[in-house]
Structures are given as structure tokens and as C-alpha cells.
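> Attaching a predicted model along with its sequence, questions to come.
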Amino acid sequence: MREDIFASYRFCPALRWCAALLLAGTATAGIAQDGEPLQGEGAPTANVADGTEKGRGTVYEPAYFAQFAPRNALDMVTRIPGFVITEQRGSARGLGQASQNVLINGERLSSKSDGARDQLQRIPASDVVRIEIVDGTVLDIPGLTGQVANVVIARSGSSGQFRYTAGFRAYNAQPQLYGGQISLTGKSGALEYTVALSNGNQRFGADGDIIITDGRGDLIETQATKFSGGFDNPELSTRFTYKFSDSVLANLNLKYGEDFFFEETPETATSLLRPRRDRIADARERGPEYEIGGDIEFPLGPGRMKLIGLERYERDEFESRVIDSFDDGSLPRGNRFTQTNRIGERIGRFEYGWRMLSADWQLAGEAAFNRLDRASGLFRLSPEGEFVAIPFPAGTGGVTEDRYEAILSFSKQVTRTIAVQATAGGEYSRIEQTGSAANSRSFQRPKGSLSLAWTPGGNFDASVKVTRKVGQLSFGDFLASVALDDDNQNAGNNALRPVQSWDFNIEANRRFGPWGSLKLEYSYRRFEDFIDFFPLDNGGEARGNIGDARSSRITATGTLKLDPIGAKGVRFDVTAASASQNVTDPFTGLERPFSNSTIDYIEANFRHDIAESDWAYGAGLFSNDNAPYSRRFEIGRGGEGPTFVDVFVENKDVFGLTFNASASNILGATQNFERTVFAAPRPTDEILFRETSRRRIGPIFRLTVSGNF
């Protein structure tokens, strides 16, 4: 573990400077007086976050955000110095304890298909009373640690807002014309409501040559490609909150949506030794999804009981085709693959909290029932030009998991500056598989955590947390699948076990008054039963448990504001991360990083809100480096870059609307891919071919118009 710490620290010199600044902040933290305000014009005051003795925080009033002319709560939260929203969506294991670092009126967000950004975007800025930034350990919500934003809102009648986004790319992609959201919020007596209609509308594409060479580097084939695609996700979301009394509150969430995805990749291959080949490759996917969720909280005995229920369902209809034709008159060749997935999840949960021995206690229990029903079809193009079915029984079947867990939590403010939170419990799960590889197994796993928060004042706080986790299996790994465009097939694995890990996290925050803030995070994870591709006895490969693994990551997030030197409205936001990972490759026995994982990452943004005007402009930079992947017959690496740069200009009052125009990828980042395919199962030195490509993405232009009604 010690070596991993220094490996991450050594990778990024900028992070060493961040650590020095952060440590410098602790020198004054110990002598600062509790409740001391931050200095500077427009700066928020440090305050007790929720008006109780549970810990210090930083409070941001609506006036702080006035220079940005926010339309909704998301516009406000994303302007908080040094704060980054963490997202949790449907892939998480059940509902579990709170993990998203955003609360609404002190309550966690319980939806699984809606992320924090989705829900914040539907809250009008006029309804936000204040935003409190506190360390999650000081709250009586088990599972939270590190910086948490509590958005305090008060409905003040009916109001609406909208956002429309249009865009186009210079090459390869259709225009993006139907993106945006419209929402209405309001209050009628004891009922509060939100209704939102949105569409996630994206278009993408790239073009360029793929170069195929042999093991000696001699050219085999040049493939001229141009791919384009996109997706639309129209959704209708509603949320109803009813206050039966001052102590009884209920919420109901309803959501329905459709997914539409398409991709087309025509290709022309030329070679000195082979006939010219023209390929048609396309993929389509569509299907509905819905979520119904609700909760009710009420007093019971010496404490409060919260009951939560959730039902999710999704159906995906997927089809891909690859057809090759040749200029020498030979018959076309091709394959078709279809897959229908029916995915469901049903959760029931209770949380009973009470006060005892000067501490907050909670007993929580959860029952979760997950299911996947899959039907797959594989077809080959016949000489008559029709697709004929090929037996593919391993791609059809079902997987279910019934899981039960119980967790006891304890939270206490030990001293004025130190808070502790501990959780302990376990889970029982039973996994059953039907189809050609039917199987049934059960597991018992311990779970728990221990976290400590230190808030000495002086604009500094820190927390440390140790967690025992159980990961969520991807049910699709139990069944076989095919990727026609890469000529790869994944076998199913009916013996998969959930990943377990020990997680160690440290977070420290230093606020520099009107200058901004700095956050430094370090995480270390020790995995058991890590999942990646592994070799099968029959020469194939499947996703499976490959043994122990470990990873460490150091992340710095900072905001620098130049108001103190007279550059009013100028700010820089930077997030940089560096990781070290280690797992034993099951094919070669050598140590390597996790397949396709992010190793280094940086995102930097500059924004200037011009004083006493409605204009703002800025620029952003993004770059990341991914690790290679490892499979039975190949290794490779993919990504886009090396660096994306974008610029924007914004006017916050055009007949009462906000107009934002942006140009992205102005430095010409490309889509990059390389792989080496071997003639025999690895490990082997006999190379069948190497494939490399660097395809043009081109500039991307977008216009966003937002307003209220």
C-alpha cells in the first residue's frame, strides 16, 4: 500500500504542489476561531451548516450566485468553489446507504435512474434558500463522507423553466436538433410537484483510415472508414411530495422513457493481394424503460421510520449486421446478431433512526430482487442472400439475484471538532441462472464502514473512511455475446462471484476565502475476486474472477478566483487525477493496470463573468490517458485525444433568456485505436496482424438557450 501511495504522488507534479498548499492550510486551521467568517466581497460565511451543533460548514446564499444568473439549482451547485457532484445511477447495488454527495432539504436522492444533476436541473433557482457544504460524517445519514452539498429549497408557487440545445459537427454526423428539457414545479397546499419532459439528443461520428500490418510491420490492408451515429432518450419524469403533517412526509417518483440508438460504419478495404472489399456495418437499439419509486417517513416510538420502495424495468432490442462484398465477383459474406434484454429490479427498504447515548443510531434493512431475461440470435448470410440462424444457445437464458441486507449505523459528534460514524452488517444473496448453463449459488458477505471527520475551523476540514464493499455483478457476463465488428465472441460464465473490496479514502479541504478553495483526495482499494476476461479450457474467453487486485488514486480539485486583485468575475477550476493499478493478467501471468481504466486525467476551465454586464466567456481543456485492455487473442488501447479544447460566449439576458454558444475540439483531437491480434491464444509471439487508426472528429458547435416562465 505504501508503494502505491508514492507511485500516485510521483506521477503528477501538480498534485505535489496542491498537497503543499493544503498542508499549509492546516497551520492556521488549529488556531482559527470557530465560526470565523471568510473574508472578501461576496464571499459566503462559514457557519453551522444546519443550525445545530453537529459540525461546521460553509453556507452559500443566493446572492453569491447572482453574477452567474443561474436558472436552476444545478447552475448554482456547479459554481461552488472546489465542489464536484458525484453521480450514482442504475448500476449501483440496490439503494444501500447514501453515496451521492447531494441532498435536498437534508434528504438523500432515492431515485436510481435519475442522477443528482437531473434532479437539480429541475429545481428553479428562485426556490433555493441556501446551499450548505458540510462533511458527510457529521450528518446523521449513514454512508456519507467528504464534502456534501445540502440544497435547502422552499417552494413559492408555480414556476417553469426550459433549456434547448442544438448543435452540429463539421464532419460525419447529423445535426443535433432536439435536445433539451422543460419542467414545471409548484405547490398546492400540502402537495409539491415537479413535472419534466426531456430528451438526451446526441450525434457523433469520425472518419479516417485503419491501417492493417503484419508482425513485421508490412502493410496488409488499408480500410477507409466513416462512421456516424447518435441516440435520443425522451423521458417524462414526475415527483410529488406530500406533507401529511409537520412530522409525516411522503414522496412519489414516476419516470417513463424510450431509448433510440443507431450507428453506421461503411468501410472500403484495399490490398495488393486481395480483392477490394466493401463493408456495411450497422447497429440499432431501442426500447422502453420506467421507474416507480416512493418513500414515507413518520415518527415511531423514540425515533423515525422511513419506508422506501422502488420498481425499475428496461427492455432493450439490439441488432447489428456486418456484410462484406467483393469486386472479384465472389459471393458476399456477412453475419447478423440480435439480442433482447429484459432487465428488472425491485427494492424494499426500511430505515429506523433514533437518538441514544448522545449519538444518532439507525437500523436499516433492504430486500432487492434483480433479474435479466435474454434472448440472443446469431445468423449467417447464405449464398441466396438471406440470413440463416446459427445455433447459439449460450446467449439465451435468465439470471436472477435475491439479496437481503441489514446494517446498523452509529454517528456521534465526539468533540467540538471531531465526528465519527460507524456501520456494520452483512448481506445474503442467492443467484440463479437458467438456460444452457443453469446454476444456483448463495453468498454471505460482511459489510461496513468507519469514518472520522475533523473540522477544526480556520476554513479547513478533513475526513478519513474505511469501507468493506460488495460489488454489483453485471448479469450480461453470465451469458454469451458477440461483437461482429471486432470479430470477438464472449462466452458466458455461470460461476461469477461478486467483487469484494476494502476501500480506504482520505479527503482534505482548504478554503482560501475570496481566492477559492482546494480539495485533495486519496483512495486505495484492495479487491478480492476481481473481474476481467480470463481463458477457458476450450480456447475461448469469458468474463470471470481473476484473483486479487489493488488500485490507488490521488485527485486534486481546486478553484482560483481573481477578484482580490481586481479581476472581478474571473475564475479557474481544475481537477487533476493520477492512478496506480495492479492486477495479474490471467493470460500472461504479468502485472498490469485494469483494462480500459483511466490512469491520468485533467480538466481545466476558465470563466470570466464581466462585471456590470450580462456577458461571460471562457474556455475549457480536457485530457485523459486510458490503460490498455487484455484478451485471449489480443491486446489494445482506445481513446480520444490527446486534448480537447473548447471555448464559449454567453449572454445572460437576451429578452430574458440565456444564450450560450460554444465551439469544441478546436485543436483537432482524434479518435484513436490500436490493437495487436495474435495467431494463437496468448501468451504467444506469433502476431496475426496489427490494427491502428487515428480518425478525425472535427470541431463541434452548440447553442443552448435557457429561460424561465
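Structure received.
> quick one: buried residues of the longest strand along the chain?
Selection of the longest strand in the chain by residue count, based on DSSP state E, yields strand 219-245. The neighbour-count check on strand 219-245 (16 or more other C-beta atoms under 10 Å) flags 220-221, 223, 225-233, 235, 237-239, 241 as buried. Heads up, the C-betas are built off the backbone N, CA and C, glycines and all.
> Mind jotting down where the helices sit in this protein?
2-11, 13-29, 73-77, 116-120 (DSSP state H).
> hey, C-alpha coordinates of the third one in CSV?
Right, the one you point to is helix 73-77. Output of helix 73-77 as CSV, limited to C-alpha atoms (Å, rounded to 0.1, in the frame of the first residue of the first chain):
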residue,chain,number,x,y,z
ALA,A,73,-30.1,24.6,-8.6
LEU,A,74,-27.6,22.8,-10.9
ASP,A,75,-26.3,26.1,-12.2
MET,A,76,-25.7,27.1,-8.6
VAL,A,77,-24.1,23.9,-7.2
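> tell me what it is packed against?
helix 116-120, strand 128-135, strand 147-153 (3 or more C-beta pairs under 8 Å, 6 or more residues apart in numbering; DSSP states H and E).
> can you tell me which residues contact Thr340?
Thr340 makes contact with Arg315, Asp316, Glu317, Phe318, Arg374, Ala375, Ser376 under the criterion C-beta atoms under 8 Å, 6 or more residues apart in numbering.
> switch the cut-off to 6 Å
Counting by C-beta atoms under 6 Å, 6 or more residues apart in numbering, Thr340 touches Glu317, Ala375.
> Residues in a beta bridge with it, which ones?
Glu317, Ala375 (DSSP bridges).
> separation between it and Glu319?
From Thr340 over to Glu319 the distance is 10 Å, taken as C-beta to C-beta, to the nearest Å.
> Quick check: the residue nearest the centre of the chain vs Lys112, distance?
Residue closest to the mean C-alpha point of the chain, counted by C-alpha atoms, centre = their mean, is Glu87 at 5.2 Å. For Glu87, the distance to Lys112 (C-beta to C-beta) stands at 11 Å.
> Setting aside sequence neighbours, what's the nearest residue to Gly516?
Leaving out its chain neighbours, the residue that sits closest to Gly516 by C-beta to C-beta, 6 or more residues apart in numbering is Thr559, at 3.9 Å.
> Neighbours of the one you found, how many?
21 (other C-beta atoms under 10 Å).
> Repeat that for Arg279.
With other C-beta under 10 Å as criterion, Arg279 counts 18.
> Repeat that for Gly96.
Gly96: 22 neighbours (other C-beta under 10 Å).
> For it, give me the pLDDT.
The model reports Gly96 with a pLDDT of 75.
> where's the nearest residue to Thr86 once chain neighbours are set aside relative to Gly516, distance?
Distances taken as C-beta to C-beta, 6+ apart place Asn101 nearest to Thr86, at 4.9 Å, with adjacent residues excluded. Asn101 is 19 Å from Gly516, where distance means C-beta to C-beta.
> go on, Phe678?
In terms of C-beta to C-beta, Phe678 sits 51 Å off from Gly516.
> Need phi/psi at Leu590.
Torsion angles at Leu590 (phi, psi; degrees, to the nearest 10) stand at phi -100, psi 160.
> let's have the chain start at 10 instead
Sure thing, new numbering starts at 10, so read that last one as Leu599.
> Pull up the gap between it and Pro692, please.
9 Å.
> Worst mean pLDDT among the helices of the chain?
helix 11-20 (a mean of 36).
> hang on, the earlier thing: tell me which of the helices and strands packed on helix 82-86 sits nearest to Leu488.
Nearest to Leu488 among these is helix 125-129 (30.5 Å), distances taken as C-beta to C-beta.
> Is it correct that Arg711 is in contact with Arg178?
No. Look at Arg711 against Arg178 with C-beta atoms under 6 Å: they stay out of range, at 9.8 Å.
> of these two, who's got more company?
Arg178 (22 against 18).
> Give me the sheet partners of the longest strand of the chain and which way each runs.
Using DSSP bridges, strand 228-254 pairs in its sheet with strand 200-222 (antiparallel), strand 257-273 (antiparallel), strand 276-279 (antiparallel).
> quick one, which of those is nearest to Val592?
Taking C-beta to C-beta, strand 200-222 is the member of the strands paired with strand 228-254 nearest to Val592, at 29.4 Å.
> pLDDT of that closest one, averaged?
On average, strand 200-222 scores 96.
> and what of stretch 294-309?
Confidence for stretch 294-309, expressed as mean pLDDT, is 96.
> Check which residues of it are buried.
Glu294, Arg295, Gly296, Glu298, Tyr299, Glu300, Gly302, Gly303, Asp304, Ile305, Glu306.
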